[in-house]
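Participant: Return a 3D structure for these sequence lines:
(2 chains)
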2 protein chains.
Amino acid sequence: MNKKIFVRSATENDVPIMFALIKELADYEKLSDQISTSEEQLKNTLFGVDSFVEVLIAEFEGKTVGYALFFKNFSTFLGKPGFYLEDLYVKPEMRGKGIGKALLNKIISLAKERNYGRVEWSVLDWNESAIDFYKKIGAKPLDDWTIFKLTSDKF
Amino acid sequence: MNKKIFVRSATENDVPIMFALIKELADYEKLSDQISTSEEQLKNTLFGVDSFVEVLIAEFEGKTVGYALFFKNFSTFLGKPGFYLEDLYVKPEMRGKGIGKALLNKIISLAKERNYGRVEWSVLDWNESAIDFYKKIGAKPLDDWTIFKLTSDKF
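Facilitator: Sure, this is the predicted structure:
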């Protein structure tokens, strides 16, 4: 692996940069209107006692340039957990250096270590560069499935 | 609510019927080849010390006729957890009685109680009766997203 790239677990000190990167990701996905969190809330939910989420930070030459946020899911068919990768983000000017791959490889190696059954995530259909990247590592699009979301105003 | 319908949390004693229902669901989804679990493994993963999964059982006139299996997910944009509904199944001959709705209502009320941000799940595109049901309760299909899956043979 490129020695300039370093992947590590996030700590509370990373929350300000993480919040900035989350906003960049939402902007990239044209979903900025969906952001309703704050640094304080992220600190409490990601690093509080009830936290169940894992976050990896990618550094390039010592600077934070990306992150991955994931948590367990469960397959009844396999009878075992897997990971769901909620966010994978690398700053646009830092793409093409293997940083996204380093983050994903770390998640895959954690899944292997824990004897998990799968790693899943979702991608926007227009994001062709991401889709190409995911196909290259052997991931398969579940083309016959659609995600449904019920937002809290409908609870 | 229909008094014949009763929704409760699953216990270890429900594992045999759950395993039977999981196999029925896989059969209904034409995905039986993906089943690689056993009763014993389900008991350990669903009710062992590391369990993070919640299971509801639906009874109709005292008989188990369906189940829902779900767990937490996390939205960085909302800064809070939600639920991901992995399985929602009602025996074919028991559909149309409000049993699926009773299961889903219980999950939604738990999400509300815990101040969660969303409930999400996935549906097979040919499953029109399910899709109609989900739209009726106000859920939205995320038509511009595709799920990717990396199976453990690619780890």
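Participant: Can you show me the strands along chain A?
Facilitator: Taking DSSP state E as the criterion, chain A contains strands spanning A:5-9, A:54-60, A:63-75, A:80-90, A:118-124, A:140-141, A:145-151.
Participant: Dump the ones you listed to TSV, plus mean neighbour count, distance to B:Phe70 and mean pLDDT.
Facilitator: (Glycine included, C-beta is placed from N, CA and C.) As requested, the strands of chain A are exported to TSV (neighbours: other C-beta atoms under 10 Å in any protein chain shown; distance: least, C-beta to C-beta, whole Å; pLDDT from 0 to 100):
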stretch	mean neighbour count	distance to B:Phe70	mean pLDDT
strand A:5-9	15	27	97
strand A:54-60	20	20	98
strand A:63-75	22	9	97
strand A:80-90	22	13	97
strand A:118-124	20	15	98
strand A:140-141	14	24	98
strand A:145-151	19	12	98
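Participant: which one of these lies closest to B:Leu25?
Facilitator: Across these, B:Leu25 has its closest neighbour in strand A:63-75 (12.0 Å, C-beta to C-beta).
Participant: quick check: angle from that closest one to strand A:5-9?
Facilitator: 50 degrees (axes from the mean of the first three to the mean of the last three C-alpha atoms, to 10 degrees).
Participant: Can you tell me which helices and strands strand A:63-75 packs against?
Facilitator: Using 3 or more C-beta pairs under 8 Å, 6 or more residues apart in numbering or on different chains; DSSP states H and E as the contact criterion, the elements in contact with strand A:63-75 are helix A:15-28, strand A:54-60, strand A:80-90, helix A:99-113, strand A:118-124, strand B:63-75, strand B:80-90.
Participant: Tell me which of the strands of chain A lies nearest to A:Phe19.
Facilitator: Proximity of those to A:Phe19 was assessed by C-beta to C-beta; the nearest stretch is strand A:63-75, lying at 10.5 Å.
Participant: Please tabulate the helices and strands packed on strand A:63-75 in CSV, including the columns distance to B:Val119.
Facilitator: Output for the helices and strands packed on strand A:63-75, formatted as CSV (distance: least, C-beta to C-beta, whole Å):
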stretch, distance to B:Val119
helix A:15-28, 21
strand A:54-60, 22
strand A:80-90, 14
helix A:99-113, 24
strand A:118-124, 15
strand B:63-75, 8
strand B:80-90, 5
